[in-house]
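Q: Everything below, folded, please.
(2 chains)
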Protein chains: 2
Amino acid sequence: MANKPSIPKGTRDFGSVEMAKRNYIFDTIKEVYALYGFQQIETPAMETLQTLMGKYGEEGDKLLFKVLNSGDFMNKLSDEELQEKNSLHVAAKLCEKGLRYDLTVPFARYVVMHRDELQLPFKRFQIQPVWRADRPQKGRYREFFQCDADIVGSDSLLNEVELMQMVDTVFTKLGINVQIKINNRKILTGIAEVIGEADKIIDITVAIDKLDKIGLENVNHELKSAGVSGEAIEKLQPIISLSGSNGDKLKVIQAVLETSETGLKGVEETRFILNTLELLGLKNDIQLDLTLARGLNYYTGAIFEVKALDVPMGSITGGGRYDNLTGIFGMPGLSGVGISFGADRIYDVLNTLNLYPKEAVNSTQVLFINFGEQETAYCLPILKQVRDAGIRAEIYPDSAKMKKQMNYANAKGIPFVVLAGENEMQTRQVTLKNMETGEQRQVSPAEAITCIQG
Amino acid sequence: MANKPSIPKGTRDFGSVEMAKRNYIFDTIKEVYALYGFQQIETPAMETLQTLMGKYGEEGDKLLFKVLNSGDFMNKLSDEELQEKNSLHVAAKLCEKGLRYDLTVPFARYVVMHRDELQLPFKRFQIQPVWRADRPQKGRYREFFQCDADIVGSDSLLNEVELMQMVDTVFTKLGINVQIKINNRKILTGIAEVIGEADKIIDITVAIDKLDKIGLENVNHELKSAGVSGEAIEKLQPIISLSGSNGDKLKVIQAVLETSETGLKGVEETRFILNTLELLGLKNDIQLDLTLARGLNYYTGAIFEVKALDVPMGSITGGGRYDNLTGIFGMPGLSGVGISFGADRIYDVLNTLNLYPKEAVNSTQVLFINFGEQETAYCLPILKQVRDAGIRAEIYPDSAKMKKQMNYANAKGIPFVVLAGENEMQTRQVTLKNMETGEQRQVSPAEAITCIQG
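A: Here you go, the predicted structure:
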């Protein structure tokens, strides 16, 4: 059994420095969620497969981690099933539970199960790991955390406004410069309606996105290759060349969409959100971006995405409005809007830019050196006093060589060390050493506390 | 698919009030762990079955949740294996991963895998869920949280002392009166050695434990029924009748164990721990209790247990010293000592005694009533000002009926409501209503902030 141990591929251990950094991110997000009246819930890691299956498409079903039933599962299989060797079919017999794949489906299940206790609109946040049997690769894990906030049971656009304020506040607190991109599914639907090419909306957004790189002529050529009619391309021209302020863009889009009720609704929604945010003043830039087309088979109104400006990195936050969250569990008519912070990518951005505040990563503030039994008996009550003052403190448990103890302090990044030998014991003092400057002074325990507290 | 959704048996959803209470407990424990220099780590929910199997006994192996391999697992089974229908054997073929059963084995695996990065002694804490396919019953769940702190790589008894200080501090902070019980495996071994009945140590502790209830004569009778020899029972008499202070007890035990080197070592260790704690002054009572015999096939030195005094409830915290944590993964000679707080039981105790501080459970501090578009436009900048002051605040997103909005505030336990109509807009003020007293006053936004902050 003395095999070299390992962990499942795509999973991670988090050491103490990583944990401190991750907690700093999670705590910042949590604080902002709470500031806006969102309340935390948690759901179990395992859900029934009945809850999970069929919610993430065929590919998603395959990526679910399924948990083997306890007991004598083999004898519940018929000889026929054994012969057939159809793994997908057998899996359904062997397993009744699976690991949470995201936080949205468990949230929908939660809302339906607890509908009688919930006060609508329900503003919840949830920060928990999810699991996907994806092919692991750089930046993609089989266990990773999602940090979602959603409001269900309210159609008000104030919710969209507040979510953008929250995004702005979180990244301002973290010190990451971002650009927020906003779009609206109804505008995209309107465009498709107006040009009579409803099924080409993705091709169109992809082509528009290339304008800066390849120029108008090539964009039009791409649209043609994608099978968009000449008439439709003509109508699209003002939208492809869209530029200027958000207000300018909205004017152009409104003119193009004048015959589409849905499209105009999307313009009106977007205008309200952007105008209200302008009134409130965001610290970061927000841009209307028609090429933003995430979650098109899911979102029904506003769509958001956030990108870091100073680091090349995909989207670090996203979200949008969806209809009918809970319909799949037999509770129709509940609309919602939500955002999800990508904690792993935010972690990478903060690491790259080295933006962690010193306090976030520091742990123990002072180490008491252990010189032996008598000195320890002298130190322990002082150590207690130090901790009672709220200072994170340790005593090296063994009276090891001085060098070893100092190495321990250095390795843990402990900024102060307390030494107390015969001399200090006689004067009821301690020697406090600043590990950064190397400076050391003999002081009273009370002075040491003041000094450490800085 | 519109089936009534459910969650797997033995698992739980945590709503916002439960989460606030649980976070209060976890945060209190975390704060004390950090105060004593313990650093947080996290390990993946899934471990390889190679890491997990054989570590919890035969029964434990059965209680592991196993995760089905992805892909076409059925075609990896031979016809013979299919015929045999041996579920336990097949499970080993179908699954390579399982869910974490406790935090100790993953911690041992972590220490071995990261041995080169770790600074010994390594003080880590870990607060994560674990999963066991146990029969669910009242107070026993299939998913529950463990809150462990361990020091590995130090034999010093100062670690035991500090763990007891931590226990004392946590329960003092939580306001739970507890009794800490301490014993030592070496004392129990010594007793068994001295009376020549090494295999009867459990029977002996069980019988001693009944002294108060059934009296000395019946205890001796029970010992005889358990097969303990008359001579051994004779030798046990001073230990069965053990009473008085911890010091008195240690004197008696020392006399009985004078021929057992191991036993005397246990006495000496216990005396050091208790004397040092007396020097430091615990808020709660600590008692030497020879009937404390938890984890006998695991602990090798001190054993601890904590019971709440004001609520009938099993042990709410436990721990002890163990040798050779990592030997099973090929890294021998690493001793450790740890404690584990029973979060679910502590939660029940706090609920029973209603000991949650008000701040711990409160969420949103003020709700802005929504009277329509114009009033909202007036309120939003004030709402921003309130949040910038660190106050958790919401605006009701829809301009619903006043009664509905007030019900929302009441249901969420929001202590203040802000109302702003034509009158307030003209005077640049708001009406602040205290939901507890019913009192309401028209004030400036700045005054409202001061008022809400209390």
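
Q: what are the ranges of the helices in the stretch 1-150 of chain A?
A: Using DSSP state H, counting those that start in this stretch, the helices of the stretch 1-150 of chain A run over A:16-35, A:49-52, A:57-63, A:79-84, A:87-94, A:104-113.

Q: Nearest to chain B: which residue in the stretch 201-350 of chain A?
A: Going by CB to the nearest CB, chain B is nearest to A:G330 of the stretch 201-350 of chain A, at 3.5 Å. C-beta here means a position set from N, CA and C on the backbone, and glycine is covered the same way.

Q: picking up where we left off before, out of the helices of the stretch 1-150 of chain A, nearest to A:M313?
A: helix A:16-35 (14.5 Å; CB to CB).

Q: so where's chain A uncertain?
A: Applying pLDDT under 70 to chain A flags the ranges A:1-3.

Q: Surely A:A308 and A:T317 touch.
A: No: using CB atoms under 8 Å as the test, A:A308 is too far from A:T317 to be in contact (9.7 Å).

Q: Quickly list what's touching both of those two.
A: Listed as contacting both A:A308 and A:T317 by CB atoms under 8 Å, 6 or more residues apart in numbering or on different chains are A:V178.

Q: returning to that earlier point: to A:D134, which of the helices of the stretch 1-150 of chain A lies closest?
A: That would be, of the helices of the stretch 1-150 of chain A and by CB to CB, helix A:57-63, which comes in at 5.8 Å.

Q: Which residues does stretch A:414-423 contact?
A: A:362-369, A:371, A:375, A:378-379, A:382, A:394, A:406, A:408-409, A:429-436, A:440, A:442, A:448, A:451-452.

Q: Among these, which are located in strands?
A: Mapping the contacts of stretch A:414-423 onto strands (DSSP state E) picks out A:V366, A:L367, A:F368, A:E394, A:V430, A:T431, A:L432, A:K433, A:N434, A:Q440, A:Q442.

Q: Of those residues, which ones also sit close to chain B?
A: A:L367, A:E394 (CB under 8 Å from any CB of the partner chain).

Q: Looking at the ones in strands among the contacts of stretch A:414-423, which two lie furthest apart in space?
A: That would be A:E394 and A:Q442, which, of the ones in strands among the contacts of stretch A:414-423, are the farthest apart (CB to CB) at 20.9 Å.

Q: The two: which is more packed in?
A: A:E394 (25 against 15; other CB atoms under 10 Å in any protein chain shown).

Q: The more buried one reaches A:F368, doesn't it?
A: Yes: using CB under 8 Å, A:E394 makes contact with A:F368 at a distance of 6.9 Å.

Q: and A:R441, how far is that from chain B?
A: To chain B, A:R441 is 23 Å away according to CB to the nearest CB, to the nearest Å.

Q: thinking again about what came up before, highest average neighbour count across the helices of the stretch 1-150 of chain A?
A: helix A:104-113 (a mean of 23; mean count of other CB atoms under 10 Å in any protein chain shown).

Q: Contacts for that one next, please.
A: By CB under 8 Å, 6+ apart, the surrounding residues in contact with helix A:104-113 are A:41, A:43-44, A:47, A:51-52, A:55-56, A:100, A:118, A:122, A:124, A:126, A:148, A:150, A:152, A:325-326, A:328-331, A:334, A:338, B:4-7, B:13.

Q: same thing but 7 Å
A: By CB atoms under 7 Å, 6 or more residues apart in numbering or on different chains, the surrounding residues in contact with helix A:104-113 are A:41, A:43, A:47, A:51-52, A:55, A:100, A:118, A:122, A:124, A:126, A:150, A:152, A:325-326, A:328-331, A:334, B:5, B:13.

Q: Of these, keep whichever come out buried.
A: A:41, A:43, A:47, A:51-52, A:55, A:100, A:118, A:122, A:124, A:126, A:150, A:152, A:325-326, A:328-329, A:331, A:334, B:5, B:13 (16 or more other CB atoms under 10 Å in any protein chain shown).
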